[in-house]
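Enquirer: I need the structure of the sequence given here:
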Amino acid sequence: MAAHATMAAPAAVATTSCATALLSSPHSRRRPSRKLAAGASISFDGNAFVNRNAGMVRVQAADGATGWVPCSSVSLQCEAVRRRTLLPDGASGLGKEWSGPLFFMQLADSQLGMSETFDGQPAGWANEQALLRRAVSEINRLRPAFAIVCGDLINEFPSDEGAETVTRRQQLFDFQMECSAVDPSIPLLCVCGNHDVGNRPTPASIRSYSRTFGDDYFSFVIDGVKCIVLNSQLLKDGTGAPDVCAEQWDWLRSELASDQTAACRHVLAFCHVPPFIFAANEGSHYFNLAQKVRTELLELFAQYHVSVCFCGHYHRNAGGVYEQPDGRRVEVVVTGACGTNVSTRETGNPLEIEGMGTCREVSDEVSGMRLVCVGETSVDHAWYTFRDLHGVAALSPAVVGAREEAREEASEEASPRKRRRVQA
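Expert: The predicted structure is shown next:
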C-alpha cells in the first residue's frame with residue numbers, strides 16, 4: 001500500500017519495462033490495453049501518490065494518452081519515492097491544520113482468494129473481487145477524505161525470499177485493477193497484513209510488498225489529524241526481520257513524541273492485527289498481539305493520546321477499550337471483512353484459528369466497510385454491509401456536530417483527551 005511519493009515534488013520521470021499500459025478512464029470497468037515500448041519515457045500526471053498507493057501508477061505516453069500500469073513494472077527515477085511520512089500537498093488534500101470534521105472510510109481483508117480455501121466454496125475469487133469493486137464504487141460515491149484498507153489485500157502468501165507464485169501475481173493484479181478505479185482525487189491507502197508480508201516477515205518479503213505497495217509503515221497528517229500506520233506483523237512475529245522490527249519501534253516512538261503529533265487535534269492508528277479482540281487483558285492468541293507487546297503498544301498509544309486504533313484480521317466485527325488509571329483511553333476497532341467473513345464456532349477458542357466456523361455467504365448482505373467521522377472531540381464510526389450502505393450518506397459534519405452537542409449537554413466533563421467509545 002502505502003505512502004511515499006509526495007505530489008509536491010516535480011513530476012517523476014519513469015520508464016516502463018512492461019509492454020502493456022491500460023489506457024482509458026480509471027473509472028471504466030473494461031479498459032482497452034495499449035502497447036508501450038519497453039523503456040519508453042512516461043511521466044506521472046500529478047497524482048502519483050494516490051495511484052501508487054493502490055499498487056498502480058497512472059502514466060502518460062509521449063502522445064498524451066494516459067493509462068495505468070502496475071508499480072512493479074515501472075522503474076522510478078526519483079529519489080523521493082520512499083518516505084516514512086507523507087508531506088502536505090494541496091492536490092492530495094493532505095494538510096496540517098484542523099478544518100472541522102473529517103470523514104474517511106475503512107476497509108479490511110479484501111483478501112482475494114480466501115473463500116476458495118473453505119470446503120464447498122467455488123474456485124477462484126470472482127465474488128471477492130466483485131465486493132472489492134463494490135467498495136470502490138462506494139468510495140467514489142461517498143467521496144471520503146481518504147480510504148484505507150487494513151491489511152490482507154490478497155490471500156496468497158509471499159515466500160520468505162519474496163518470490164511470487166502465479167496465483168499471487170494474478171491476485172495482486174486483480175486487486176490493483178479494481179483499486180485503480182478509485183477517483184484519483186481520493187487517496188487510497190493500504191496497510192500490510194500477514195498475507196501480504198508473511199506470518200513471519202523477512203526483509204525480502206517486506207521488500208517484495210514495498211515494490212508494489214510502498215512503505216510497510218508510515219504516517220500522514222490530514223486536516224489536522226495525525227495517522228500512524230504500522231506493520232503489525234513485525235509486532236506479531238519480528239524474528240525473521242529483527243532489525244526492521246527494532247527500526248519500526250524507534251520510528252513509532254519518534255513519530256508519537258514529535259511536535260507535529262502534539263499539534264494535531266486527533267491521533268489515530270491503523271494496523272492489521274489488533275492489539276486485542278475483546279479486552280485488553282485477554283490471553284495471547286492467533287488473532288491478537290502477545291500480551292507483552294500489546295501492553296507496550298497500548299501504553300505508548302495512551303501516553304501520546306492515540307484515541308482509536310483501527311484494525312482487521314478477525315473477519316468479524318469486534319473491539320473494546322483500553323483504559324489507564326488516569327482515564328486515558330484507547331479504543332480498538334476490529335472491522336469485519338470487505339471480502340470473506342467467517343462465523344464463530346460454538347466450541348473452540350474464538351481468539352484462535354480453531355474458533356473460526358464456516359465461511360459466511362460472500363455477498364453484499366454480509367461483507368462491508370466502516371464509515372468514520374472525526375469530530376472536534378470525538379471519533380464516530382459505524383459498520384455497514386454493502387447492502388445496508390446503499391443509499392446511506394456520509395457521516396456529515398452537521399450530523400457529527402449535532403452528536404457532539406448532545407454529548408456536551410449530557411456531560412460537563414467532556415474533554416478533547418477523553419473521547420468516548422462509539423458504535424462498533
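Enquirer: Would you mind checking which helix or strand in this protein has the lowest mean pLDDT?
Expert: strand 20-22 (a mean of 27; mean pLDDT, DSSP states H and E).
Enquirer: elements contacting the helix or strand hosting Tyr209?
Expert: When elements are assigned from DSSP states H and E, Tyr209 belongs to helix 203-213. Applying 3 or more C-beta pairs under 8 Å, 6 or more residues apart in numbering; DSSP states H and E, one finds that helix 203-213 makes contact with helix 194-197, helix 242-256. Quick note: C-beta positions are derived from backbone N, CA and C, even for glycine.
Enquirer: Buried residues in that helix, which are they?
Expert: Ala204, Ser205, Ile206, Ser208, Tyr209, Ser210, Thr212, Phe213 (16 or more other C-beta atoms under 10 Å).
Enquirer: same question, stretch 370-389
Expert: So for stretch 370-389, counting by 16+ other C-beta under 10 Å, buried means 370-375, 377-381, 383, 385-386, 389.
Enquirer: what's the closest of those residues to Glu138?
Expert: When the buried residues of stretch 370-389 are ranked by distance to Glu138 (C-beta to C-beta), Leu389 comes first, at 5.8 Å.
Enquirer: hmm, back to that, columns distance to Cys150 and pLDDT on top of the buried residues of helix 203-213, output as a markdown table?
Expert: Shown next, in a markdown table, are the buried residues of helix 203-213 (distance: C-beta to C-beta, whole Å; pLDDT from 0 to 100):
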| residue | distance to Cys150 | pLDDT |
| --- | --- | --- |
| Ala204 | 23 | 93 |
| Ser205 | 19 | 94 |
| Ile206 | 17 | 94 |
| Ser208 | 20 | 90 |
| Tyr209 | 15 | 91 |
| Ser210 | 17 | 88 |
| Thr212 | 17 | 85 |
| Phe213 | 13 | 86 |
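Enquirer: could you pull out the helices for the stretch 251-400 of the chain?
Expert: With helices called from DSSP state H, counting those that start in this stretch, the stretch 251-400 of the chain shows them at 259-262, 291-303, 386-389, 397-410.
Enquirer: where among these is the average confidence lowest?
Expert: Out of the helices of the stretch 251-400 of the chain, helix 397-410 stands lowest, with a mean of 54 (criterion: mean pLDDT).
Enquirer: Pick the most deeply packed of the helices and strands packed on helix 203-213.
Expert: helix 194-197 (a mean of 26; mean count of other C-beta atoms under 10 Å).
Enquirer: Pull up the gap between the residue nearest in space to the middle of the chain and Asp174, please.
Expert: By C-alpha atoms, centre = their mean, the chain has its centre lying nearest to Val149, at 2.9 Å. According to C-beta to C-beta, to the nearest Å, Val149 and Asp174 sit 14 Å apart.
Enquirer: what's the answer for Pro325, then?
Expert: From Pro325 to Asp174 the distance is 49 Å (C-beta to C-beta).
Enquirer: Equivalent analysis for Arg316, please.
Expert: Applying C-beta to C-beta, the value for Arg316 to Asp174 is 24 Å.
Enquirer: can you count the residues close to the residue lying closest to Arg328 once chain neighbours are set aside?
Expert: Distances taken as C-beta to C-beta, 6 or more residues apart in numbering place Ala302 nearest to Arg328, at 4.3 Å, with adjacent residues excluded. For Ala302, the neighbour count with other C-beta atoms under 10 Å is 18.
Enquirer: Apart from its neighbours in sequence, what residue is nearest Glu323?
Expert: Here the residue nearest Glu323, using C-beta to C-beta, 6+ apart, is Arg329, at 4.8 Å.
Enquirer: Then Leu234?
Expert: Cys245 (4.3 Å).
Enquirer: and Pro275, how far is that from Phe287?
Expert: For Pro275 relative to Phe287 (C-beta to C-beta), the value is 11 Å.
Enquirer: neighbour count winner among the two?
Expert: Pro275 (28 against 23).
Enquirer: Name the nearest residue to that one, sequence neighbours excluded.
Expert: Spatial nearest neighbour of Pro275, excluding adjacent residues (C-beta to C-beta, 6+ apart): Arg294 at 4.6 Å.
Enquirer: give the contact list for that neighbour.
Expert: By C-beta atoms under 8 Å, 6 or more residues apart in numbering, Arg294 lies in contact with Pro275, Phe276, Ala280, Ser284, Asn288.
Enquirer: quick one: the third one and Leu298 touch, right?
Expert: Yep, that's Ala280 we're talking about. Yes. At 6.4 Å, Ala280 counts as touching Leu298 under the criterion of C-beta atoms under 8 Å.
Enquirer: Spit out the residues that contact the two alike.
Expert: Tyr322.
Enquirer: so where's the stretch 51-200 of the chain uncertain?
Expert: 51-83, 85-96, 162 (pLDDT under 70).
Enquirer: mind listing the helices for it?
Expert: Counting by DSSP H, counting those that start in this stretch, the helices of the stretch 51-200 of the chain are 126-142, 166-179, 194-197.
Enquirer: Ranking the ones you listed by mean neighbour count, which comes first?
Expert: Neighbour counts (mean count of other C-beta under 10 Å) averaged over each of those peak at helix 194-197, with a mean of 26.
Enquirer: that older thread, okay, the buried residues of helix 203-213 in JSON lines with distance to Val267 next?
Expert: Below are the buried residues of helix 203-213 laid out as JSON lines (distance: C-beta to C-beta, whole Å):
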{"residue": "Ala204", "distance to Val267": "32"}
{"residue": "Ser205", "distance to Val267": "29"}
{"residue": "Ile206", "distance to Val267": "25"}
{"residue": "Ser208", "distance to Val267": "30"}
{"residue": "Tyr209", "distance to Val267": "25"}
{"residue": "Ser210", "distance to Val267": "25"}
{"residue": "Thr212", "distance to Val267": "28"}
{"residue": "Phe213", "distance to Val267": "23"}
